[in-house]
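In: can you look at this prediction? I've put the sequence above it.
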Amino acid sequence: MLAVLAEGNPVPCRKIGVQDAFVESGGIEELFTHYRLQPTDIAEAARVVVQKKAKRG
């Protein structure tokens, strides 16, 4: 999906989520923390992308 969206309108982006690996089992909160999918983690990933864009001009 990301590749299709970026074709016509290239924008800085970063994929987040569970990489191609065996997924641990556990509670939702534990897993979100382990895989850095908490709202604060997602916000930090967005900040990094915005900072990179600002440096490129």
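Out: Sure, I can see it. Numbers count the residues shown, from 1 in each chain.
In: wait, what's in contact with the residue lying closest to residue 36 once chain neighbours are set aside?
Out: Once flanking residues are discounted, residue 36 sits nearest to residue 16: 7.4 Å by C-beta to C-beta, 6 or more residues apart in numbering. Backbone N, C-alpha and C define where each C-beta goes, glycine included. Applying C-beta atoms under 8 Å, 6 or more residues apart in numbering, one finds that residue 16 lies in contact with 36, 37, 41, 42, 45.
In: ok, 10 Å please
Out: With contacts taken as C-beta atoms under 10 Å, 6 or more residues apart in numbering, residue 16 has the following neighbours: 35, 36, 37, 41, 42, 44, 45, 46.
In: mind checking which of these land in helices?
Out: Among the contacts of residue 16, the subset assigned to helices under DSSP state H consists of 41, 42, 44, 45, 46.
In: and the two most separated of those residues?
Out: Taking C-beta to C-beta, the two most distant members of those are 41 and 46; they sit 9.9 Å apart.
In: mind checking how far stretch 42-51 is from the chain centre?
Out: 8 Å (C-alpha atoms, centre = their mean, to the nearest Å).
In: present the contacts of residue 16 as JSON lines; the columns should include pLDDT.
Out: Formatted as JSON lines, the contacts of residue 16 follow (pLDDT from 0 to 100):
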{"residue": "35", "pLDDT": "90"}
{"residue": "36", "pLDDT": "91"}
{"residue": "37", "pLDDT": "93"}
{"residue": "41", "pLDDT": "95"}
{"residue": "42", "pLDDT": "94"}
{"residue": "44", "pLDDT": "94"}
{"residue": "45", "pLDDT": "92"}
{"residue": "46", "pLDDT": "92"}
